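Student: return a 3D structure for these sequence lines:
(2 chains)
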Amino acid sequence: MSANQDLPLTGASTAAVGLVGSILLGLGALLVTVANLGAKARRKIS
Amino acid sequence: MPEVLLTLSITVSSLVLLLIIGSFGYGFLRPAVGYQARHAARPPLYGPVRADQVAILIACRNGAATIAATVRAARATGSDVYLVSDASTDDTAELAAGAGAWVLPLTHNVGKPAALHTAYEAFELGRRYRAVAILDDDVVVAPDFVTAALAKMTDEVSIVVGHNATWWPPERRWNPWLAKRAYSYWMYQAVIRRIQSHFNVMNCISGSNSIYRTELLDVVLPTQPPYIVDDTYWVLETHRRNLGRVVYAPRALAHLQDPTNLRDWYRQNLRWMWGTFQGVIGHRVGRYATRFDYAYVLLILHWLLYVAGGPLTLWLIATAGPGLLPGLLFLLAGHGIWVGIAAWRLRHPQLPLFLPVIIVADLLYRVILVHALVKAIRQPTVDRCVWDSPARIAVGAKG
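Tutor: Residues are numbered from 1 along each chain as shown, chains lettered A, B, ... in the order given. Got it, this is the predicted structure:
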């Protein structure tokens, strides 16, 4: 048997992590999209 | 206050803007990076596995109380069952053979991972089968365990994790530690494990009841795990070496024996979390730009907030004054909703009566997290992956 399976999952900490995770995920997706736009622009030039 | 808000919003906006400009520049200067990463992350494709291509392997040391029931249940799945007796001094080998297992008795105690590897080689499981279910010696699987797990083993999958259910018999219906564990398993699998399985970011599997492709075992079994939890090492290696997806099979049911007293509960959780933190340190979680690392870092953030929430809860209770009773009721209600759903789903109507124990154990679990972290920092690896299991209860047939 392993690891953290006895860890409860209640309350504000879970909600906070969900919120922070969503914001970071959104920001990450935005930055990846912008980086791809940069790569696209480079390929158009060269 | 308005000045603070204004400063904060300007700072955050500037930071985001800088990040956007930086990302565009990064993509412009290194246009190939994004494409490389996407292709490299694709797991290998394995072939399909039939039920008759699955073996069951059990490592056991002095498990006479439970081994016959475990082997009988494993045999009922229709798969061949192999057992390695790790220098047992009781009747383990005879009882397992009598229940229908092929038995390899070892004369020296080598520990579970080394015993599994010895048996895997001796029985030539890698050559004769396409997948191996590794079970603990006190686990009782359902007759359709293998077929239910194989339904989830698609070409990209290398590990299928079974569903844990605490063995909570009527004669032990008032044991608070079984109640706590039954609830925790339900909660963990209903939420975290399902989400992690969907995104292939599972950081922790059930070493007691999972099925592994032999291609994976050929790679991970020969290495002695440097952590106190062997399956933590296996799952981290699977992610790091990109050996395939790790998925959860909710219908592949296995009943587990769990601790029945505070001491055993604390020690088992401490070992699990010690192994978890060893894995975080040893496999440099958070140091790579992968989805797995991102999800794991979020989980660690959750642990941080969870631990900090313990003293905060106690402080709020201590300073509540006339608000103490409403505060306590609020705390009870928060847990009560989850416990109520668990009682319904697990068909254990007595579960809500354990609410105070669950809340206290929940506070205690934060101590375990800190204790395990300190232990992992002081001892980030182990020479031998050997431990004592909690006391087992002799079993008849489990439901």
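
Student: only C-alpha atoms for contact and neighbour calcs from this point on.
Tutor: Will do.

Student: where does pLDDT dip in chain A?
Tutor: A:1-14 (pLDDT under 70).

Student: name the residue of the stretch 201-350 of chain B that lies nearest to chain A.
Tutor: With CA to the nearest CA, the shortest gap between the stretch 201-350 of chain B and chain A falls at B:Trp272, namely 4.1 Å.

Student: wait, that residue touches B:Tyr227, no?
Tutor: No. Between B:Trp272 and B:Tyr227 there is no contact under CA atoms under 8 Å: 10.0 Å.

Student: which other helices and strands contact whichever helix or strand B:Tyr26 is part of?
Tutor: Under the criterion of DSSP states H and E, B:Tyr26 resides in helix B:2-29. Applying 3 or more CA pairs under 8 Å, 6 or more residues apart in numbering or on different chains; DSSP states H and E, one finds that helix B:2-29 contacts helix A:12-45.

Student: in the helix it packs on, what counts as buried?
Tutor: Residues A:13-14, A:17, A:21, A:31-39, A:42 are the ones in helix A:12-45 that count as buried (16 or more other CA atoms under 10 Å in any protein chain shown).

Student: against B:Gly207, how distant is B:Ala55?
Tutor: From B:Ala55 across to B:Gly207, the span is 16 Å (CA to CA, to the nearest Å).

Student: got the residues of the stretch 251-399 of chain B near chain A?
Tutor: B:269, B:271-273, B:275-276, B:298-299, B:301-302, B:305-306, B:309, B:334-335, B:362, B:365 (CA under 8 Å from any CA of the partner chain).

Student: filter those down to the buried ones.
Tutor: Among these, the ones that count as buried by 16+ other CA under 10 Å are B:269, B:271-273, B:275-276, B:298-299, B:301-302, B:305-306, B:309, B:335, B:362, B:365.

Student: let's see which of the residues you listed end up in helices.
Tutor: B:269, B:271-273, B:275-276, B:298-299, B:301-302, B:305-306, B:309, B:335, B:362, B:365 (DSSP state H).

Student: which pair in those spans the largest distance?
Tutor: B:Gly275 and B:His335 (27.6 Å; CA to CA).

Student: in chain B, which spans are strands?
Tutor: Applying DSSP state E to chain B gives strands spanning B:54-60, B:80-86, B:102-106, B:131-135, B:140-141, B:157-166, B:209-213, B:245-256.

Student: now the angle from the fourth one to strand B:54-60?
Tutor: To tie it back to what came earlier, the one meant is strand B:131-135. 30 degrees (axes from the mean of the first three to the mean of the last three CA atoms, to 10 degrees).

Student: which elements pack onto strand B:131-135?
Tutor: strand B:54-60, strand B:209-213.

Student: would you mind giving those strands as TSV with mean pLDDT and mean neighbour count added?
Tutor: TSV is the format used below for those (pLDDT from 0 to 100; neighbours: other CA atoms under 10 Å in any protein chain shown):
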stretch	mean pLDDT	mean neighbour count
strand B:54-60	96	26
strand B:209-213	96	25
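
Student: make TSV out of the ones you listed and add distance to chain A.
Tutor: As requested, those are exported to TSV (distance: least, CA to the nearest CA, whole Å):
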stretch	distance to chain A
strand B:54-60	13
strand B:209-213	8
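
Student: wait, which of those strands is closest to B:Thr118?
Tutor: Evaluated over the helices and strands packed on strand B:131-135, closeness to B:Thr118 peaks at strand B:54-60, with 10.2 Å, by CA to CA.

Student: run the angle between that closest one and strand B:209-213 for me.
Tutor: Going by the same axes, to 10 degrees, strand B:54-60 makes 130 degrees with strand B:209-213.

Student: picking up where we left off before, report the buried residues of the helix holding B:Tyr26.
Tutor: Applying 16+ other CA under 10 Å to helix B:2-29 flags B:19-20, B:22-28 as buried.

Student: out of those, flag the one nearest to B:Arg291.
Tutor: Nearest member of the buried residues of helix B:2-29 to B:Arg291, counting by CA to CA, is B:Ser23, at 18.2 Å.

Student: that closest one contacts A:Gly28, doesn't it?
Tutor: No. Look at B:Ser23 against A:Gly28 with CA under 8 Å: they stay out of range, at 10.0 Å.

Student: what does the stretch 101-250 of chain B put close to chain A?
Tutor: B:136, B:181, B:184-185, B:187-188, B:204-208, B:229, B:231-232.

Student: where does the stretch 251-399 of chain B dip in pLDDT?
Tutor: Applying pLDDT under 70 to the stretch 251-399 of chain B flags residues B:386-399.

Student: which residues of it fall in helices?
Tutor: B:262-282, B:291-318, B:324-346, B:355-378 (DSSP state H, counting those that start in this stretch).

Student: which stretch among those comes nearest B:Ala74?
Tutor: Across the helices of the stretch 251-399 of chain B, closest to B:Ala74 is helix B:324-346 (CA to CA), at 23.1 Å.

Student: around B:Ile359, count how many other residues there are.
Tutor: Using other CA atoms under 10 Å in any protein chain shown, the number of residues around B:Ile359 comes to 17.

Student: over to B:Gly244?
Tutor: 23.

Student: list the contacts for it?
Tutor: B:43-45, B:156-159, B:238 (CA atoms under 8 Å, 6 or more residues apart in numbering or on different chains).

Student: which one among these gets closest to chain A?
Tutor: Nearest to chain A out of those is B:Ile159 (CA to the nearest CA; 14.5 Å).

Student: you'd agree the closest one is up against B:Arg245?
Tutor: Yes. Using CA under 8 Å, B:Ile159 is in contact with B:Arg245, at 6.7 Å.

Student: so for the two, which residue has more residues nearby?
Tutor: A count of neighbours by other CA under 10 Å puts B:Ile159 above the other of B:Ile159 and B:Arg245, at 29 against 26.

Student: mean confidence (pLDDT) on stretch B:228-238, please.
Tutor: What stretch B:228-238 shows for mean pLDDT is 95.

Student: so what touches that stretch?
Tutor: The contact list for stretch B:228-238, computed with CA under 8 Å, 6+ apart, reads A:1-3, B:113, B:202-207, B:216, B:220, B:225-227, B:243-246, B:271-272, B:274-276, B:279, B:283, B:381-382, B:384-387.
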